[in-house]
Structure formats: C-alpha cells, structure tokens
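**Student:** Fold the following for me, if possible:
(one chain, ligands or ions: 1)
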Amino acid sequence: MRLLKEFDREELMEIGRSLHSFAADLYPICRSITGEGLRQTLGMIGRRIALQISEVPTGTPVFDWTIPKEWNIRDAYIKDATGNRVVDFQRCNLHIVNYSAPVRAKMALHELRPRLFTIPEHPDWIPYRTSYYKEDWGFCLSHNQMLALKDAEYEVVIDSTLGDGHLTYAEHYVPGRSKDEVLISCHTCHPSLANDNLSGLVVATALAELLSGHDLCYSYRFLFIPGTIGAIAWLSRNHDAVEHICHGLVLTGLGDGRGFHYKKSRRGDAEIDRAMAQVLRHSGIAHALLEFSPYGYDERQYCSPGFNLPVGCLMRSVWGTFPEYHTSADNLDFIQPAQLAESLRTCTSVVDILENNHSYRNLNPYCEPQLGKRGLYRSGDGEAISEDIIARLWVLNLSDGGNSLLDIAERSGLKFSTINDAADLLCQSGLLSAVDDQGARIQRPGCISFE
Ligand SMILES: [Zn+2]
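**Tutor:** Next comes the predicted model:
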C-alpha cells in the first residue's frame, strides 16, 4: 500500500467537522462499563463500520477480575420540598455517581451531604465519579448548586438497576494480506465526556472507515471496549488474536487544543514507538514522548508483563493533568474539529509507516551508481542538492537488506515519506530491490510478496 490518505486543508476541515458532529451525536448517551448506554453507543458506531458484538455474562472470571453486574439507569434526582428537582440526571448524566445503586429516600441535607461531590476550585463544573466495584451511590453537582441547597429535607431518587446481565464490547476487523495485526483500542465507558473519550471513538471509527477497501499488508483490529475490565475481558478471551498483534495503539483524548503526547509501549523501542516518534518529529506540532508507566489507559493491560504487547497510547492532553479532565467542562466545546482531524491524520501517517516499512537491497553497491545518467541527480553544477536527492543517497547507502526504511529515516533525519518516495524511484530505476524481510527483524513476518 502506498499512502493511506493525503489530506488537503479543505478535506481536513471537512473531516474535522464530520468527526465533531459524530461526537455530538454520541455525547448525550449515559455510558458505563456495562448497560444499554454502551450498547446504544456501539449500535451507532456499528451503523458506520461493521461490528462484531460480544456479550460477557456477569460473574464470568476474566483473569483476576470478575465481570460485574450490569448497570442501567432511567432517572435520578434530588427534589426539594416544593417538588423542584435541584439536581436532575435528565439535565446532565454526570450528576449521578456512575454505577450508583438504586435509592428512594427522604433525607436531611446533613445526611445527604457526604454523598454529594463537587469541585470547589471550579464552582460551575460537575465532577465525573464512578463506583464500579463497590456498591454505593452518590450525586455530583456544581459547587454553586450545593451552596444553594437549603438546610431542609430532600427526596432522593436513583432509579437504577444493578443485576445479572452482560458486559458488552465490539470489534471491527479489517483483513490484510497477513494475519499479523495492528490493534487499535479505545474505551467506550465514559458518559457525557467529549475528549475522554468520544474523541478516541470517533477518530478510531474514521480510521477504520479510511482503511476499508485498501490493499493492506497488516490486518487491523479495532476494539471498542469499556476501560480496564473490557480490555481484561477481551485479552482473556482472545489468545489466538493476541498472538498476531504486531503493533498497537490506544487512542484517547484526541480532541483538545494542546499538543500531542505519545506514551511508549512497555518495550520502549517497539516499531510502533519509533513510527509514532517519526511522525510527531516531522509533524510541526508541539508534542512530547512519554516513557511507559503502569498507570493510564488500557495500554496498562496490553503491556502487562504476561502480554508485553507493543502497544502505545496516543493522546493530546495527558489524563489527570488538565483541569477539565473528568468534569463537565470536558464537553463538545473542549474538542475542536481541527484537532480531531489532525489526530486522525497522525494515525494515518503512522499506518503509512507500518505498511511501508520494508527493507531493500542496493543492486549496485560498489561505489555510488551514476544517478545523473538515470535522471536521478541535479541537472546543473550550480544547483543546490535537494532533499530528494539526499534521500536517494541515504537509501542506496543503507539498503543492505538489513535496514528498514524507518531505520534510514531515523538515521538520516529525513521524513519517512521522503525516504519511501526515494525507495520507490530507485526500485523503478532498477537500482534497488525489496527483500522479503522474514526473520530479518522481529515481528515483521513475510507479509509482503516480493519477487
Ligand atoms: Zn477517564
């Protein structure tokens, strides 16, 4: 495959608007790690890309964990004596501690107070809280809302159910020529929060759409799963697929206006880590590479020592480091079309590297071949040597069958696409030949058919 997609400015803007609009459609749904909100979300993604849905029953052991009870909610509120809903789940689904057990009670404010959560430093924002693995209940509200509560009795209702059911996750598989896989994973369990992680869902869906119909070297598996327990459940049930994973990315927090952060896989020098570093280095966008740590998103599970998969995490702002994180301020205004589109482009550039990172052999290795007579060198003596010609010299020099194009891009400091173009041209000129790199490098089985 050559390039997955080259976007011009107008196309990027259009793509960004479409990504944002899809996020807006998903935004109102009350998602959780189980339940109808999660199913509804997967249903909407499934209208764009074919999904295989799995339902794992409550009580199923998945490694050291157990699939929890299924949670669903119809309504929740705190009503004052006049019947006014002073906190109303129907207005914002963050108002409820996600996974709250059902409650119907009359309570004085001082009894209710320990179950109310606010952010005093941002008095208009509602926090996002969960209680998945400890049966509990509570309400989240803005600090100003709480200050306005009078010392009186309130009717407290959480119309939820917690019972035997299922945990739902979905997969989208794009077959390539090889069974070796690239894993793209994103969490689907957060309610009305835009950056964390509707941004990941919409970028992953769009990437899957873009891959469709291409002649791909790798197969691609997209996972839309509830965070932590979903990844653990999938890993525990898919030993065969796991063996085929050669590269992987967790996508999250891709819509805010800050620069990129890429958290490397546990291995630290996997091809995906190097490909992402290469893309970001030449992107012209502010970015930082983060070493692996055992905290964060589902890369924690993929990179657990038993698997140690080459899976990194691409995000913009890092979890927990920005004030809007896990609050109502992570809304549709916090994610921007241009940033979503740029995130998608970053992902496609990485796919381009993975798909084209082959090794070649210089067929004329004794001194430099005469490029001028082949029309591959500058025409006049006074003309400055171009980057394209420098790239040809690098490719010729380092193509000894062992170095990949990514090796050459890194060593030369040139952009991967420039090196890739040079290799294409030199192949056409008969100076270079691709080698089947089976065995030459780890995790690059012979998925490319070369003569
Ligand atoms: Zn989160």
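
**Student:** ok, residue 321 - how many residues close by?
**Tutor:** Residue 321 has 9 neighbouring residues, counting by other C-beta atoms under 10 Å. The C-beta positions use only the backbone N, C-alpha and C, and glycine is treated the same way.

**Student:** meant to ask about residue 56
**Tutor:** Neighbour number of residue 56 under other C-beta under 10 Å is 20.

**Student:** quick one, helices of this protein?
**Tutor:** 9-26, 36-46, 109-112, 143-147, 200-211, 229-237, 239-243, 271-281, 299-302, 337-356, 387-398, 405-412, 416-428 (DSSP state H).

**Student:** between those, which gets nearest to residue 368?
**Tutor:** helix 387-398 (6.9 Å; C-beta to C-beta).

**Student:** Output that closest one in CSV with nothing but the alpha carbons.
**Tutor:** Provided in CSV are the C-alpha atoms of helix 387-398 (Å, rounded to 0.1, in the frame of the first residue of the first chain):
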residue,chain,number,x,y,z
GLU,A,387,16.4,16.7,-0.1
ASP,A,388,15.0,14.2,-2.5
ILE,A,389,18.5,13.5,-3.9
ILE,A,390,20.0,13.3,-0.4
ALA,A,391,17.2,10.8,0.4
ARG,A,392,18.2,8.6,-2.6
LEU,A,393,21.8,8.6,-1.5
TRP,A,394,20.8,7.6,2.1
VAL,A,395,18.5,4.8,0.7
LEU,A,396,21.2,3.5,-1.6
ASN,A,397,23.9,3.6,1.1
LEU,A,398,21.9,1.9,3.9
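
**Student:** Report all helices and strands that it contacts.
**Tutor:** strand 359-362, helix 405-412, helix 416-428 (3 or more C-beta pairs under 8 Å, 6 or more residues apart in numbering; DSSP states H and E).

**Student:** Could you tell me the average pLDDT over the longest one, please?
**Tutor:** In other words, helix 416-428. Helix 416-428 comes out with an average pLDDT of 96.

**Student:** contacting residues for residue 266?
**Tutor:** Residue 266 makes contact with 292, 303, 305, 308, according to C-beta atoms under 8 Å, 6 or more residues apart in numbering.

**Student:** residue contacts, the second one?
**Tutor:** Residue 303 makes contact with 265, 266, 292, 294, 309, 311, according to C-beta under 8 Å, 6+ apart.

**Student:** Pull the number of nearby residues for the residue lying closest to residue 208 once chain neighbours are set aside.
**Tutor:** With C-beta to C-beta, 6 or more residues apart in numbering as the criterion, residue 208 has its nearest non-adjacent residue at 4.6 Å, and that residue is residue 49. Residues lying near residue 49 (other C-beta under 10 Å) number 20.

**Student:** Most neighbours out of the contacts of residue 303, which is it?
**Tutor:** residue 311 (31 neighbours).

**Student:** I figured that residue was touching residue 304, is that so?
**Tutor:** No. Residue 311 lies out of contact with residue 304 (C-beta atoms under 8 Å); the separation is 10.5 Å.

**Student:** Filter the contacts of residue 303 down to just the ones in strands.
**Tutor:** residue 311 (DSSP state E).

**Student:** Which one of the contacts of residue 303 is nearest to residue 404?
**Tutor:** Among the contacts of residue 303, and counting by C-beta to C-beta, the member closest to residue 404 is residue 265, at 17.8 Å.

**Student:** pLDDT score for the closest one?
**Tutor:** Reported pLDDT for residue 265: 98.

**Student:** and if you look at residue 445?
**Tutor:** Residue 445 is given a pLDDT of 34.

**Student:** and what of residue 440?
**Tutor:** 39.

**Student:** so where's the stretch 251-400 of the chain shaky on pLDDT?
**Tutor:** Within the stretch 251-400 of the chain, the segments meeting pLDDT under 70 span 379-382.

**Student:** ok, now which ones touch residue 202?
**Tutor:** 19, 20, 22, 23, 26, 340.

**Student:** Quick one: which of these is the most crowded by neighbours?
**Tutor:** residue 340 (29 neighbours).

**Student:** what's the spacing between that residue and residue 55?
**Tutor:** Distance of residue 340 to residue 55, given as C-beta to C-beta, to the nearest Å: 30 Å.

**Student:** Likewise for residue 262?
**Tutor:** For residue 262 relative to residue 55 (C-beta to C-beta), the value is 33 Å.

**Student:** Have a look at those two and say which one is more surrounded.
**Tutor:** Taking neighbours as other C-beta under 10 Å, residue 262 and residue 55 compare with residue 262 leading, 21 against 13.

**Student:** How much space separates the more buried one from residue 311?
**Tutor:** Counting by C-beta to C-beta, the gap from residue 262 to residue 311 is 12 Å.

**Student:** picking that back up, max pairwise distance over the contacts of residue 266: which two?
**Tutor:** Most distant of those, by C-beta to C-beta, are 292 and 305, 11.7 Å apart.

**Student:** so can I have TSV of the helices of the chain showing distance to residue 126?
**Tutor:** Listed next are the helices of the chain as TSV, based on distance: least, C-beta to C-beta, whole Å:
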stretch	distance to residue 126
helix 9-26	19
helix 36-46	17
helix 109-112	16
helix 143-147	8
helix 200-211	21
helix 229-237	24
helix 239-243	38
helix 271-281	34
helix 299-302	27
helix 337-356	23
helix 387-398	51
helix 405-412	45
helix 416-428	44
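
**Student:** among these, which is nearest residue 179?
**Tutor:** helix 239-243 (9.3 Å).

**Student:** Residue 369 - nearest residue in space that isn't next to it in sequence?
**Tutor:** Per C-beta to C-beta, 6+ apart, closest to residue 369 is residue 431, 5.5 Å.

**Student:** Pretty sure residue 416 sits against residue 395.
**Tutor:** No. The criterion here is C-beta under 8 Å, and residue 416 misses it with residue 395 at 11.6 Å.

**Student:** hey, what's in contact with both of those two?
**Tutor:** In contact with both residue 416 and residue 395: residue 405, using C-beta under 8 Å, 6+ apart.

**Student:** Which one's more surrounded, those two?
**Tutor:** Shown here are residue 416 and residue 395; by other C-beta under 10 Å, residue 395 has more neighbours (29 against 23).

**Student:** Give me the nearest residue to that one, chain neighbours excluded.
**Tutor:** residue 422 (4.6 Å).

**Student:** tell me the contacts of that neighbour?
**Tutor:** Here residue 422 is in contact with 388, 391, 392, 394, 395 (C-beta under 8 Å, 6+ apart).

**Student:** Filter these down to the buried ones and hand me the PyMOL line.
**Tutor:** Those of the contacts of residue 422 that count as buried under 16 or more other C-beta atoms under 10 Å are selected in PyMOL with:
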select buried, resi 391+392+394+395
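
**Student:** Using JSON lines, lay out the contacts of residue 422 together with distance to residue 98.
**Tutor:** Output for the contacts of residue 422, formatted as JSON lines (distance: C-beta to C-beta, whole Å):
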{"residue": "388", "distance to residue 98": "54"}
{"residue": "391", "distance to residue 98": "52"}
{"residue": "392", "distance to residue 98": "56"}
{"residue": "394", "distance to residue 98": "53"}
{"residue": "395", "distance to residue 98": "53"}
